[in-house]
Every structure is written in C-alpha cells, then in structure tokens.
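>>> Fold the following.
(3 chains)
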Amino acid sequence: MTGPTSTTLSVHDWKRTVVPLGVFAVLAFAVPVALSGNRYLAFVAGITLIHILWASGMNLLYGYTGLMPLMFAGIAGISAYFAVDLTSSGWSFWIALPLGALMASVAGTILGLPSLRLKGFYFTLCSLVIQTVITLGFVYFAGLTNGDTGISQIPLPTAPGGGTISPAVFDLILATAAVIGVVVLIAITRSSLGKRLVAIREDDELAEMLGINVTRYKMTAFFIGSLFAGVGGALYAPYIGFISPRSFDVLISMNIWLMVAFGGRGTIWGPVVGAVILVPLSFLLQEYYTVKDVIYGLLIIAVIVLMPGGIASGLKRTARPIEAAAPGMAERRGAK
Amino acid sequence: MSNANWILFLSTLSTGLILGSIFSLVAAGVTIVYGSIWMPNAANGQFFLLAALFGWTLTVSWGIHPAIAAILVIGISVPLSYALEILLIRRFYDVPNRNISYFVLSLGITQILAGIFSLTYGQWSDQFQLPPLVSGITFIGPFPIANNRLAVLGLAVAILAGLFLLLRYHRYGRALRAVFQNRDAAALRGVNVKASYSLSFALGNAVIFAGGILFALAYSFDLTVAWTMAITAFAIMIIGGPGSVLGALVVGMVFGFTQAIVSVVASPTIAAFSYLGAMLVILLFKPSGLFAK
Amino acid sequence: MKTYLKTLAVTATSGAMMLATAGIGSAQEKPPVKIGFVTELTGPWSFFGTSCVAGLKFGEEQINPPGSRKIEFVIADNQTSPAQSVAASRSLDVQDKVLALSGPTSSDTGLAVYGYAEQNKVPFVVPVAAFPQLTKPGSRYTFRLEPNAAGWGYAIAKFVEKQKPGGKIALIYSDYALMRAITAGLKYQAPLSKLNIVADIAFPQGSNDATVQAAQVLAAQPDYVVVIGAGGFDNTITNQLLDIGIKPQQLIHPFGITTQVMNWGKRSVGSYYGTFFDSNLDTLTPEGKTFVKDFTAKYGRPPSYGENFCFVTAHVIREALDKNPEAADDREKFRDAMSKLKTKETTSDIPIEFDKNGARKEYIYFMQMTDVADKSYKAKQAFYAEWDPEVIPVYTLVK
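Numbers count the residues shown, from 1 in each chain, chains lettered A, B, ... in the order given. Have a look, this model is predicted:
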C-alpha cells in the first residue's frame, strides 16, 4: 500500500504488486477468451470486469481517501446517458466514451463538494440523498434520458476505422479497461498523491495543519474516481443494450461500495476479489431465486462479523504492526 | 375564503401533520440508534415495512382489530430488537469505526428481509391495505376528513410527545441522553452504558415500528415503501443532526409540511426536489445539522 | 404440487407412449420444444411475474396432450432488473437453445429482452407488458399479446365521450413509463373527442399522500377522474379522492387486476376500470370459465388479465406449432408461423392476429364494479372498444 517512494522496484515490491498485477492481467484477458464459446458465462465475466473497474474507483475514494460516495452509480449513469445520447446523434462511440467520462468527472467533482464540509459518515448520508436526487432527475428529465422507460437497443460500438466489433472482442476491451483501472490505482497509491490521500483519510485536520491542501486533493480524488465511474458507465450501456434510471440507482452504488468493504478497503486487490465474488454470485444464484437474497445477506453478515476489515484483511497473515496501530488510532478519532 | 380554498388549506394542514409526524417517528428511531451506538441502520426501511406487513397479517389474515394489532406490532419489536442485539449488534460495541461495520451489517439485514418479503408477501398481493381504526368521515367546516386519518394523526402526535417527554424527563431518557453526549462521562456518573445501548436500540426500533404501523393504517402500501422511507429518514436525520431527537422531530415536521405546501404551489415532483435541495443547502451552511449538540 | 404431479403424470404417460411407438419403429423421438420464460419472480414486480407463471402453468398442462410434440417452458427469474433480464435471455438462448423467449410483465425488463431478441434474432412472444415501443416499426421477432398503453388512453377518451359528450376529465397519476404512455394516448385523443382535461397531476416515484391533490381535483369539478397510481399508492389516491367527496361513479382506473379491485373494496362500487379479461365477462368461453374456476380454487382469487395472457400464450404457441410443425426446430420458421397466425383467445374468443410489427388488433373492456365480497367481486361490462394499433401515432407519441 504505502511502499517506498523510489522509482526502482525492490524484491518486496515485485512480490506484492507486480506479480499479482501480472496474474490479474492475464486472467482478465484469458477468462473471456476461455469462455467465449459460452456467451452467457462470457457475459457474466464481462459484467464482473466492469464492476472491477467501478470497485477500483470506489476504492480510491473510500479505501484511500476515506470518503464514501453513494452517488457513484448516479455519476456512472450521467456518463452512460451522455455517451448514449452522443452516439445516437451520430458521434463515434470512441469519442463519446471519453466525453461521457469527462462529463461524469466534472459532475462528480461538483457533487463531491459537500465532503469539504461534512465529516465521515455525514458525507455518506448526504451522498445517499444526492443519489436519490440524481435518480429522480433521470426520471424527470425525460427529454434527455427518455425517463422511466429507459433507452433500449443500444448497439455495440463499431471499430474506430469502421467494421463491427464482436461481443467477444468487446469483452477484451472491458478487460483492458479493468486492467488499466487497476494499474492507475496502483500508480496513484504509490505516488505522493496517494500518500496525501491516505493522510487525509487518517485525519484530515491534521493533514491540513501539515500543509496538505485538503480541498485540492479531495477534489482530485473525486475527479479521478468519477472517471472510473464514467468509463464503466459508458461501457456498460452498449454491453447490456439497455439503460434506465434504475440501472444507476442507490442499490447499485451500495453494491459497488459493498464490494470494496467486503473485499477489504485500502488494499488494491481486496475490492477486486470483492467484485469477483459478489458479481457472479448474483447471476449464478438465479436458479435459487427464492433464497438468493437471503444467501447474499447472510454472506455479507458473515464476512463483516468474522472479518471486519473485509476478506483481504482476513486473509492477511503477516500483521504489520506500525500500519495496524496507526489506522486504528486515527480511525477512533475519525469515528464520529 | 371560498369552500374550495378552505378545503385546500385544511387538506394541506392535515397532510403536513400526518406525513410530518410519521416521518418524525421514523427519523427519531433512526437517530436514537445512530446517536447511541453509532449504528446507521440502512435496514430501517425494511423494519418500517415489516411493521406494516405484520400489521396487515394481524388485521386482514387473522381478523384482529387494528388498534390491538398496532399495540401488538409495536410490542413485538422489543423481543426482535433484543434478539438482533444479542446475536449481532453487541459484538461491535467496542470496535473502532463501527459505524462502517454496522452499515454493512444493516445492508446484509436489508437483503435478508427484502428476500423474505419478496418470497412471502410479494407473492400474495401487489399492494396492502389495513382496515381503518375507526370508520366514517368528519367534517371540519367544508373539509371532509376520514376519522381513521384523525385517529392515526392523534396517535402519531401522542407517541411523539411521549417520546420527547421520556427522553427529556424520565431517568432512563436522561441516561440515554447522557450516553449520546459522552459515554465515558456517563459511565463515570454511574450509567450502565451497555444496558442503555440495548435499551436505545430497542427504543429506536420500537419507534420505527410505530411509524410503520401508523403509516399502514393511514395509507395503502406496497413493498417499495421500504427504501423511500429509509432515504427520507436519513435525510431528516442529517439535517436535524445525528443523535438529536428534537432535530428529528422538528425537521420531520418541516419535511411533511414542505411536501404538502410545495405540492400545492408547484407540483408534487418539484416538492420532492425541493426538500432534497433544501437539505443540501442547509448542509453547506451547518454541516453538523441544525440541532446538533 | 398437484399441478406438478399432473404434469409429471402427463409427461410420463406421453413418454411411455412415445417409447412404445418407437419400439414399434414408427414415430421418431423428438426432444421437447423449449420456450424460455424470463420473468419477474423477485424484486418490485415479483407479484406480477409470479401470477403470470401461475397462469402459464395452467396453460402448459393443457397444451401437451399425449401424442403431440411436447412444449416445455423454461422459467428464469430476472429479478425485475434489465441487466438480469438480458443475462437470463442470453443464458436461455445460448445454453438452453430455446426456440423462443417469452415472459416479462414489466415494461423495462420487456424492453431489455426485446433489444436482445431483435438483435439476436430470437422470436419473442410478450404476454404482458403494454409499452408501445415493444412493437415499434421495424420489429421483426416480437409479438405482443397485451394491447399497447397509448391505445389504452385512447380508449378511455372514447369511453368518456360515450358516457358524457363534452365531459371534463381530471388526470392524476404516478410518473412511470406505463402511466406516461397511457396519459399520452389520452391527451392525444381528448381534444379529438371534444373532451376537456381540467387537471393534470403527476406524482414522482415514492409519493405517499394525495389528499392535497384530491382537493385540487375536487376544485376542478371534473365529470370523471382518471386515476393511474403505482402499486399501493393507487389505492391511496382512490381512497383519498373518495374521502374528499368524489363519487365512485366518477372514477376510472385504466386497469383493474383482481387484487386492486378487492382492495378498492365496497367504497368503490360504481367505479369503472379497464381490463382485457375479467372473471365477470359475459363472453367467457367454456374454457375461460373453467380457467376462472380452477384458478380461483387453487389461488383463492379470480385470475386477472395478466394470468389470462400468460395462459393464452401457451395456447398460442401450441397452435402456431400445430399449424407449422417444422417451425418447432427453426426460429425463423417459428417467427413466420407466429406472424401469419390467425386465432382466438382460448378464454374469451377475442381474435388474435399480429400486424407487421408484432402488435395485434387491440381491444379493451370497461367494467363497472357492482359488489366486492371477501375473496371475490362482481362487475358488469359497461363498454367495449376495438381499434387498430395504428389509429393513433403510438410510436411517436411515446418514445
């Protein structure tokens, strides 16, 4: 997490960061290819990849900056609707995607402003309400979003030079996005930006006193985190083929956040594991629809009771004394 | 003022009062639990719905009189709360940063309850209605109001008043408030902190159940009310100040009235946007909430 | 359980017979035809999906007599989520290799499956879901049994026109896709029918109390009030309108399913509701009456139009395959078979025929409630209208 600041990689680094990254990248591309014969399982893999991207964005905000933005799905939705509106007006998807993501980032940064005044959980509750407003807005401004009806038959994009992209190829695009997302997150956490964010998470008043411009860094975190949300949203729309206000509502935000909390916040791979477990679960439990929700709920409760730090912390065998004490102390201060 | 305007005015008043008091009850319940044990209960909507559905079973399926059903529903919340507290809640009392763990826990509980409802009540009907407490219509001037609505309103206000008096004057209430404010100081003064935790969890849930059964008596409902009520309750709690029951009461009433008034002056949709917007504005000026200590 | 055992018995018997004939060496054993049924078994719409499956099961029992090629419905839950609907459709298409898809009762899940079906050339028979865009021009694989929602609004205007020429209508509804479609149709036709809309009140999703709006409606002095709420709120609006002094005879609900009608209760006797099938219809066929009787015996309430459409879907598919046996294994042929099908609803003899977009010639009944008892209700037919789906520009009125 907070490794050495030098640019050369130590053996330690190699084991902790590069090897898992390599494994992840290989899996991210290999799994869709292996499953490409079965479009259903490949679809589940694709949705998981989008959620890995989203969980990484949420991780940046929640795991590393200590802010829990439950309007994350709404921000993804802003990007999705914007990109879909552009592509249906004739713009190329490959231009609409960055524009949509940018739109989402700007929106996300503005919506993140309350975090400057609200501490900890107050901001969370505020974000819950912001998400509600966004969903209400999606329904109400039907001129832009087609309201509650949603937008259907969203096609997969064509390749930049012309020519169709098959679903299997789009899966690889999703894999690319997920891998890039994780790499960006790793890069941030190892950079000075990352360490400033962690300092803000631990104690933002102290950070301010130490000369860190808390406002600037929080807003940067929101901007980048919202980029993750936006890219995921723009990719989600053509993949499912249908979006509606309920595709980006509070329950989706909570699910993404849950992947981070469940997987282990403040670790790179915890949220990835969280996404990989929770996303396919909801699809594969479809057969057992009568008990699916109960199983999901019990799983969440079991993990939080047995492994309060999430799965990643539960699996960590080597305790790191300094890190263990400091977060604990600062967390107690930041608890209310 | 013409008859039509009187009717409009009185209906706005009655809507504001009844919505406001039910909102206040639920928000008070949520804020009591958050203020005392730092548990933001995302499952509060499902508890609200559970009370309503259970009331339906008692009255419609088992034929019990609504007034008795209401008492039974609120009563059953106590053992349920204690069971939940013993099984899950008390494990986290000394955990730092437990509000996050509690939030996750409450999300798990929400899933389980939602799943159970979907499998049971969700198969039996798409909407639920309880028989009225009292039937008939009373006229206040030209304005007809259902006696049932008056009864629910009376009960809601009575419960709110009782809650307020309990917390302000009774010694259990004072102990709870001491713990809200500073648990270590309260412990030093001889308050049994752990017991007051259990008590406040039970009290908070009982109040939410009260809100739920009263809502079910006043309105028809379906399974979707759980989340809309949960968000409203959280919004009221934030503006009123987490842990402040007075804040929940006042802000809840204001919410109810704002919805009623704005829906007349503009439209129901603008009303929904307006109080959410007002919340954001207030938070920018007083982030800790209006009545925070 | 009884149904399951019955189905098992029928299957076992037909299986045994097929084996017997195979043993003699004549009939070739063909695997059952699979139809994927993606519907809402959990989530906000679970009641409608489950009711639909209940109706479907009655139909499934009847359409597999011994000796005929078996039709099997593979049921999948879509959790009332468009994403899950697409996933379930994909699973049924790719893994189960179903001949066709069917099932959604909600417009958004319906549209999600529609997108998948049209894109992947899978025939899609929609039993319940009124959203107009499900049969928008260019649709090739989709066939919808329920009339579209904009047409519904048109029919309400026609009904009021007959009841009270030049009448005044108040509209009060929840902001959902279905409601918007119905009100769009109504607002289109109202001026053409020389009716005045004196109030137009929309509630956002999640509203609870309509007393104030009821007062506004009363002040507008309408002849009729069209109430289109969502879920429990519909009943709240109805009760609050009655409380404030609107008479039951002034109330029109575009749709009345059994649970709603029972909840409206005795207070609402005299009010009108629209439907496509009702246990009180005079025009029920013997099969229709049996369906009502058996359903009521099993589920404690009479079936509504949702259950009816799902029941009829099973029969329609059976008929399409009986008339075109080679369509049982070929999606394109099945699509053509559905497209040229001319038949009637088993339960009420109303004609079924699909136009080039998969929509059928539409119709509606308006019933007036005459009594509500503990587990049943009585209503009489007050109006019937039939129209071609293209009579109003449904596909441009509502996007």
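>>> and residue A:168, how many residues sit next to it?
15 (other C-beta atoms under 10 Å in any protein chain shown). Just so you know, the C-beta spots here come from the backbone N, C-alpha and C atoms, and that holds for glycine as well.
>>> So for residue 71, what's the pLDDT?
Using chain A here. Per-residue pLDDT puts residue A:71 at 94.
>>> Chain C is the one I meant
93.
>>> Spell out which residues of the stretch 151-293 of chain B are next to chain C.
With C-beta under 8 Å from any C-beta of the partner chain as the criterion, the stretch 151-293 of chain B meets chain C at residues B:215, B:219-225, B:228, B:259-260, B:263-264, B:267-269, B:272.
>>> and these near chain A, which?
Okay, of these touching chain A (C-beta under 8 Å from any C-beta), that's B:269, B:272.
>>> what about the closest residue to chain A within the stretch 101-250 of chain B, which SS state?
Closest approach between the stretch 101-250 of chain B and chain A, counting by C-beta to the nearest C-beta: residue B:115, at 2.6 Å. Under DSSP: H, G, I helix; E, B strand; the rest coil, residue B:115 falls in the helix class.
>>> What count of nearby residues applies to it?
22.
>>> And the one 3 residues further on, by the same measure?
Residue B:118 is surrounded by 26 other residues when neighbours are defined as other C-beta under 10 Å.
>>> Check residue A:184 too.
Residue A:184 has 17 nearby residues by other C-beta under 10 Å.
>>> Where does it fall, secondary structure wise?
Element membership of residue A:184 [criterion: DSSP states H and E] is helix A:167-190.
>>> What residues of that helix count as buried?
A:170-175, A:177-179, A:181-182, A:184-186, A:188-190 (16 or more other C-beta atoms under 10 Å in any protein chain shown).
>>> just stretch A:89-102 next, same as before
So for stretch A:89-102, counting by 16+ other C-beta under 10 Å, buried means A:93, A:96-97, A:99-102.
>>> any bit of that stretch sitting next to chain C?
No. Judged by C-beta under 8 Å from any C-beta, stretch A:89-102 and chain C are separated, with a smallest distance of 14.5 Å.
>>> Residues contacting that stretch, please?
Identification of contacts with stretch A:89-102 by C-beta atoms under 8 Å, 6 or more residues apart in numbering or on different chains yields A:78-80, A:82-84, A:86-87, A:157-158, A:160, A:227, A:230-231, A:233-235, A:238.
>>> Only whichever of those residues are buried, select them in PyMOL.
Those of the contacts of stretch A:89-102 that count as buried under 16+ other C-beta under 10 Å are selected in PyMOL with:
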select buried, chain A and resi 78+79+80+82+83+84+86+87+157+227+230+231+233+234+235+238
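>>> Can you flag which of the contacts of stretch A:89-102 belong to strands?
Assignment to strands by DSSP state E places none of these there.
>>> Return only those of the contacts of stretch A:89-102 found close to chain C.
Within the contacts of stretch A:89-102, nothing lies near chain C by C-beta under 8 Å from any C-beta.
>>> Quick check: mean pLDDT of stretch C:261-280?
pLDDT averaged over stretch C:261-280 gives 94.
>>> again with stretch B:170-180
Mean predicted lDDT for stretch B:170-180 stands at 77.
>>> Which strands or helices does the helix or strand following the helix holding residue A:184 pack on?
As assigned by DSSP H and E, the chain's next helix or strand after helix A:167-190 is helix A:192-202. Contacting helix A:192-202 under the criterion 3 or more C-beta pairs under 8 Å, 6 or more residues apart in numbering or on different chains; DSSP states H and E are the following elements: helix A:204-209, helix A:214-240, helix A:321-333.
>>> Where does the stretch 1-150 of chain A get nearest to chain B, which residue?
Counting by C-beta to the nearest C-beta, the stretch 1-150 of chain A gets nearest chain B through residue A:117, at 4.3 Å.
>>> My read is that residue A:165 contacts residue A:155, right?
No. Using C-beta atoms under 8 Å, residue A:165 is not in contact with residue A:155, being 9.9 Å away.
>>> the more surrounded of these two?
Neighbours were counted for residue A:165 and for residue A:155 using other C-beta under 10 Å; residue A:165 has more, 17 against 14.
>>> how about that one, what does it touch?
Contacts of residue A:165 (C-beta under 8 Å, 6+ apart): A:156-159, A:173.
>>> Which positions in the stretch 1-150 of chain C make contact with chain A?
C:41-42, C:76-77, C:79, C:81-84, C:86-88, C:90-91, C:93-95, C:107-108, C:111-112, C:114-116, C:118-119, C:131, C:133.
>>> could you flag which of the residues you listed are buried?
Members of the residues of the stretch 1-150 of chain C next to chain A classed as buried by 16+ other C-beta under 10 Å are C:41-42, C:76-77, C:79, C:81-84, C:86-88, C:90-91, C:93-94, C:107-108, C:111-112, C:114-116, C:118, C:131, C:133.
>>> export the helices and strands packed on helix A:192-202 to CSV and tack on mean pLDDT?
What follows is the helices and strands packed on helix A:192-202, written out as CSV (pLDDT from 0 to 100):
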stretch, mean pLDDT
helix A:204-209, 81
helix A:214-240, 93
helix A:321-333, 42
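>>> Go through the ones you listed and pick out the most buried.
Mean neighbours per residue, mean count of other C-beta atoms under 10 Å in any protein chain shown, is largest over the helices and strands packed on helix A:192-202 for helix A:214-240, with a mean of 25.
>>> Give me the next element, helix or strand, following that one.
That would be, after helix A:214-240 and using DSSP H and E, helix A:250-263.
>>> how about the CA coordinates for that next one, as CSV?
What follows is helix A:250-263, C-alpha atoms only, in CSV (Å, rounded to 0.1, in the frame of the first residue of the first chain):
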residue,chain,number,x,y,z
VAL,A,250,-28.8,3.8,-4.9
LEU,A,251,-28.8,0.0,-4.8
ILE,A,252,-26.1,-0.2,-7.4
SER,A,253,-23.9,2.3,-5.5
MET,A,254,-24.4,0.3,-2.4
ASN,A,255,-23.4,-2.9,-4.2
ILE,A,256,-20.2,-1.4,-5.5
TRP,A,257,-19.4,0.0,-2.1
LEU,A,258,-20.1,-3.4,-0.6
MET,A,259,-17.5,-5.0,-3.0
VAL,A,260,-14.9,-2.7,-1.5
ALA,A,261,-15.9,-3.1,2.1
PHE,A,262,-16.4,-6.8,1.7
GLY,A,263,-13.2,-7.3,-0.2
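>>> how far out from the middle of the chain is it?
9 Å (C-alpha atoms, centre = their mean, to the nearest Å).
>>> list the helices and strands that helix packs on?
Secondary-structure packing of helix A:250-263 (3+ C-beta pairs under 8 Å, 6+ apart): helix A:39-58, helix A:72-88, helix A:120-140, helix A:269-284, helix A:292-306, helix A:311-315, helix B:98-119, helix B:225-240.
>>> mind checking how far the residue nearest to residue A:220 when sequence neighbours are not counted is from residue B:157?
Once flanking residues are discounted, residue A:220 sits nearest to residue A:193: 6.8 Å by C-beta to C-beta, 6 or more residues apart in numbering or on different chains. Remark: distance between residue A:193 and residue B:157 (C-beta to C-beta, to the nearest Å) = 54 Å.
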